[in-house]
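Asker: what shape does this take:
(chains A and B)
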Amino acid sequence: MWCADTCTCRFVTLFGFEQVAYMAIVGSFPFNSFLSGVLSCIGTAVLAVCLRIQVNKENKEFKDLPPERAFADFVFCNLVLHLVIMNFLG
Amino acid sequence: MARNYVRFLALILAISICSEAAIFRPISDSHRSAALDLFKPIDGSFSSLEETYEALRTFEVLGIGNKLDISASTCRSVVEVLGSSSSNLKDLFYALKNQGILKCAIKEEILKGVSSKLEAAVNGASSLPDFYYSVGGLVLIKDQTPEVNVLLDDAEGVFRSIKALSQSDGRWRYSSNNPESSTYAAGMAFEALAGVISLAPSEIDQSVVATVKNDVVKLFDSIEKYDDGSLYFDEKTVDAHEYQGPIFVTSSVIRGVTAFAAVVSGSLKLPGDNMVSIPLIVSLPATVLSLTQKDQLKVSVSSVLGSDAPPLTVKLVQASSSSSKGASIIENQELKFDGDSSFHVLDALPDSVDIGKYLFTFEVVLYDSENEKVYTTGGKTQVPIFITGFVKIDSPEIAILDSDLGSIETQKKLDLAGENSVALSANHLQKLRLSFQLSTPTGKAFKPLQVIIKLRHESNVEHIFLMGNSGKQFEIILDFLGLVEKFYYLSGRYDIELTVGDSVMENSLLNALGHIELDLPEPPEKAARPPAQPIDPHSRYGPKAEISHIFRAPERRPPKELSLGFLGLTLVPLIGFLVGLLTLGVNLKNFPSSAVPATFAALFHLGIGAVLLLYVLFWLKLDLFTTLKAVGLLGIFLMFVGHRVLSHLASTSS
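Answerer: Predicted coordinates for the structure are as follows:
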């Protein structure tokens, strides 16, 4: 599962850099859309990393947390993040 | 208001008004049409028998033959009310009143029944309205159907009972319980007492009748007077809701007193002539006579309701001018009666009659001295008459004079009957003179009310001057040297306008005469400024100039191709992601195989897909609140199925 996480993080980070490059070319109007896009990427990457940390069996801190619970949290947080992103997108 | 027309009839038969009567007009078609508008039946009938009676009586008095429309339905309700045993006294009374006008077919037995009911009611009555309606009803039955025997057994007792409700000031109470008294009630009481006397089988004690006569006299002490001399009765203290007005009260009193006077022997000692007469009024169709059109003076004499007067002569006692201190121009002239038009006409005004305002005094003389008891002429009638005519304007001219010498520089003749446009010019050292002569048709000097000359500057500053006269000659001299300050030192073109007018002048004029170019010196520093002219309302309230808005320059947008290119570029990492997943060997092995968990798993994935779809819709067209509601519902669903799936997975993996 953590390889899928790496894949996700890489894709999302690349996507974020693309948006920054686009903004550099065409200008920051509308700024809220730009922020929304970039923060969506960053947020998704962060949530993916968190999921990975929680699911890693070698991690002593989260050894009592079932991976299904971590996954459920991941899904929930993603949905909330994307609701906010869509609202901010304009 | 509806009652007023019926009561008005009673007022017409009022005691004579004092000598110098005001000018009246008889009842005309406008009154008749007003009465028709006022009394409009709903579905062929009125709301009550009382209103029906008022309508019928009004139409009868005014000579409107419209009662046929409502006679059928009224007769039906009259028969119903008279035949019913539960009708109240007021309804019976008004039913009988209507019967008196319409003469519906009513059986004698019904009337006998009503008569006995009313007789019982009289004996048992305690309040004035009950006495009034029951006694009134019996009187009506007696008058309408002599075959029905109507008699009051204890007439004297009834008389005393009604008398007991009287007050010391001549007014009457409505009942012994109610201490409030009213003049209107006094009228009702007199009518009821008159009815009792007429129905009594034997004569009533004269001492009691005499006390009632005194009550009448006492009531007449409270009579009031308008400025023109008309007398009337009014209530002293009455609730605002019930206040009906002087006509209402006066007509009730007069009805009562005339009914009472008709049945008692001897006379009532009342102020005035103690006669009930029909007033004759003098009316003129036109009070403005034109000398140019040789109008004739026409006078008509009729009763107030418009019926013809008896044979009489109208005499023009005096015609005096309002201005020349009452000098009379016509005296004791009899007017000829024109049978075709029923007017009394003065053939021709004497030649000495000039234009102006006059006061004509008329007197009506009845041929037959017997008629003097029936009709009253009101003494002398004074009518203001205007005699108009053409005023001759002679030698109108306008001139510019030199100030010091008085010699004429420019002189122009004017035609005040037609168009003029003189063009003059003057400087501040010169004078403007305008003069003309005015004379009446008989050649006398005439001073109209308005002789005004107006000078209006091109900037709309106006100056008005009144012209004076000496005899026939009207002249004004405007000395510009003295008027320089008044004109605010404004040089330029001034339009000249002349106004000559009077109410008896048929050719009053307001003419533009032309213009004058005035050359005035420069204003000194402290000179008064001309007053601000009224602003053209269109400039203030009219539409304003169009405002061109400056919008913020729109942001620089990227070209479309660049945007689409980057859109494509964003899909590249997505493809890379999918390729990466496949390389990793992502599989669905952990998908539950058994039916129920599989269903939940499918639902879970569908739920997440639904939420993402909802977000897309939110971006496209929904608002936040709808989205939040939907997310809430979907979230609850997702939590349920997700919990089931993940707990199943957790249990299988552990």
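Asker: so what's the residue sitting nearest the centre point of chain A up against?
Answerer: For chain A, the residue sitting closest to the mean C-alpha position, by CA atoms, centre = their mean, is residue A:44 at 0.7 Å. By CB atoms under 8 Å, 6 or more residues apart in numbering or on different chains, the residues touching residue A:44 are A:8, A:12, A:78, A:81. For every residue, glycine as well, the C-beta is placed using N, CA and C.
Asker: pull the residues that contact stretch A:49-65.
Answerer: For stretch A:49-65, the surrounding residues in contact (CB under 8 Å, 6+ apart) are A:1-2, A:5-6, A:9, A:67, A:70-71, A:73-74.
Asker: show me which residues of chain A are close to chain B?
Answerer: Within chain A, the positions near chain B by CB under 8 Å from any CB of the partner chain are A:3-4, A:7-8, A:10-12, A:14-15, A:18-19, A:22, A:25-27, A:29, A:66, A:68-69, A:71-72, A:75, A:79, A:82-83, A:86-87, A:89.
Asker: tell me which element the residue nearest to the centre of chain A falls in.
Answerer: Taking DSSP states H and E as the definition, residue A:44 sits inside helix A:31-55.
Asker: so of the residues of chain A next to chain B, which ones are in helices?
Answerer: A:3-4, A:7-8, A:10-12, A:14-15, A:18-19, A:22, A:25-26, A:68-69, A:71-72, A:75, A:79, A:82-83, A:86-87, A:89 (DSSP state H).
Asker: among the residues you listed, the buried ones, what's the PyMOL command?
Answerer: The following PyMOL line selects those of these that are buried, judged by 16 or more other CB atoms under 10 Å in any protein chain shown:
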select buried, chain A and resi 4+7+8+10+11+12+14+15+18+19+22+26+68+69+71+72+75+79+82+83+86+87+89
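Asker: quick one: mean pLDDT over the longest helix belonging to chain B.
Answerer: Ranked by residue count, the top helix of chain B under DSSP H comes out as helix B:624-653. Helix B:624-653 comes out with an average pLDDT of 90.
Asker: name the helices or strands packed onto that helix?
Answerer: Secondary-structure packing of helix B:624-653 (3 or more CB pairs under 8 Å, 6 or more residues apart in numbering or on different chains; DSSP states H and E): helix A:67-89, helix B:595-620.
Asker: any idea how far chain A is from the residue lying closest to residue B:285 once chain neighbours are set aside?
Answerer: Nearest residue to residue B:285 in three dimensions, chain neighbours excluded: residue B:298, at 5.7 Å (CB to CB, 6 or more residues apart in numbering or on different chains). Residue B:298 is 91 Å from chain A, where distance means CB to the nearest CB, to the nearest Å.
Asker: I'd assumed residue B:284 was in contact with residue B:298.
Answerer: Yes - assessed by CB atoms under 8 Å, residue B:298 is found in contact with residue B:284 at 6.7 Å.
Asker: returning to what we had before: same question for the helix holding residue A:44, mean pLDDT?
Answerer: The average of the pLDDT scores along helix A:31-55 is 92.
Asker: check stretch B:601-619 too.
Answerer: Mean per-residue pLDDT for stretch B:601-619: 92.
Asker: can you name the residue of the stretch 401-550 of chain B nearest chain A?
Answerer: Chain A sits closest to residue B:550 of the stretch 401-550 of chain B, with a gap of 19.5 Å, by CB to the nearest CB.
Asker: hang on, that residue in a helix?
Answerer: No - with DSSP: H, G, I helix; E, B strand; the rest coil as the criterion, residue B:550 is coil rather than part of a helix.
Asker: how about it, what does it touch?
Answerer: Shown in contact with residue B:550 (CB under 8 Å, 6+ apart): no residues.
Asker: show the pLDDT at it.
Answerer: We note a pLDDT of 88 for residue B:550 in this prediction.
Asker: check residue B:307 too.
Answerer: Reading off the model, residue B:307 has pLDDT 73.
Asker: what about it, how many residues nearby?
Answerer: Per other CB atoms under 10 Å in any protein chain shown, the neighbour tally for residue B:307 reads 11.
Asker: what of residue A:21?
Answerer: 12.
Asker: for residue B:221, same thing?
Answerer: By other CB under 10 Å, neighbour count at residue B:221 equals 9.
Asker: spell out which parts of chain B neighbour chain A.
Answerer: For chain B, the residues in contact with chain A (CB under 8 Å from any CB) are B:555-558, B:562-563, B:566, B:569-570, B:573-574, B:576-577, B:580-581, B:584, B:586, B:608, B:611-612, B:615, B:618-619, B:624, B:627, B:631, B:635, B:642-643, B:646-647, B:649-650.
Asker: circling back: any idea what the residue nearest to residue B:285 is bridged to?
Answerer: As for beta bridges, residue B:298 partners with residue B:345 under DSSP bridges.
Asker: how many other residues sit next to it?
Answerer: Residue B:298: 18 surrounding residues under other CB under 10 Å.
Asker: and it, what does it touch?
Answerer: If a contact means CB under 8 Å, 6+ apart, then residue B:298 has B:284-286, B:341, B:343-346 as its contacts.
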